[in-house]
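# pasting the structure only:
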């Protein structure tokens with residue numbers, strides 16, 4: 001299984017950028033959050049995993065990834 005959240009399509013559940021589709025990118029160490037949502041290739045929004053809604057992701061693969069990475 002090669003699933004990773006990086007590179008997946010997602011949108012934010014809440015906030016000023018709600019419902020805008022973007023691509024998930026992992027932030028570098030020392031950043032305030034672990035992930036960034038890149039919207040339209042121009043807007044970079046720092047997000048937490050719980051703020052994202054992933055698009056076209058198999059639930060079982062995502063669940064297994066969360067377990068492996070200590071999210072659940």
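That came through, no problem. No experiment lies behind these values; they were computed from the predicted model shown.
# For the residue positioned nearest the centre of the chain, grab phi and psi.
The geometric centre of the chain, computed from its C-alpha atoms, lies nearest to residue 24 (C-alpha atoms, centre = their mean), at 4.4 Å. Residue 24 has phi and psi values of phi -80, psi 130 when expressed as degrees, to the nearest 10.
# same question, residue 61
The phi and psi values for residue 61, taken as degrees, to the nearest 10, are phi -60, psi -40.
# How about the one 3 residues further on?
In terms of degrees, to the nearest 10, the main-chain angles of residue 64 are phi -60, psi -40.
# Quick check: the gap between it and residue 35.
18 Å (C-beta to C-beta, to the nearest Å). From N, CA and C alone the C-beta is placed, and that goes for glycine too.
# residue ranges for the strands of the protein, please.
With DSSP state E as the criterion, the chain has strands at 9-12, 22-26, 35-39, 43-47, 52-54.
# returning to that earlier point: ok, the residue nearest to the centre of the chain touching residue 11?
No: between residue 24 and residue 11 there is no contact under C-beta atoms under 8 Å: 10.2 Å.
# what residue ranges in the chain are flagged as low confidence?
1 (pLDDT under 70).
# can you rerun that using 80?
For the chain, the stretches flagged by pLDDT under 80 are 1-2, 29-31.
# ok, the residue nearest to the centre of the chain to residue 55 distance?
According to C-beta to C-beta, residue 24 and residue 55 sit 10 Å apart.
# hey, what's in contact with both of these two?
When contacts are counted by C-beta atoms under 8 Å, 6 or more residues apart in numbering, residue 24 and residue 55 are jointly contacted by 8, 9, 10.
# my read: the second one touches residue 55, true?
So that's residue 9. Yes: with contact defined as C-beta under 8 Å, residue 9 counts as touching residue 55 (4.2 Å).
# neighbour count winner among the two?
residue 9 (14 against 11; other C-beta atoms under 10 Å).
# re earlier: where do the contact lists of residue 24 and residue 11 overlap?
Each of 37, 52 lies in contact with both residue 24 and residue 11 under the rule C-beta under 8 Å, 6+ apart.
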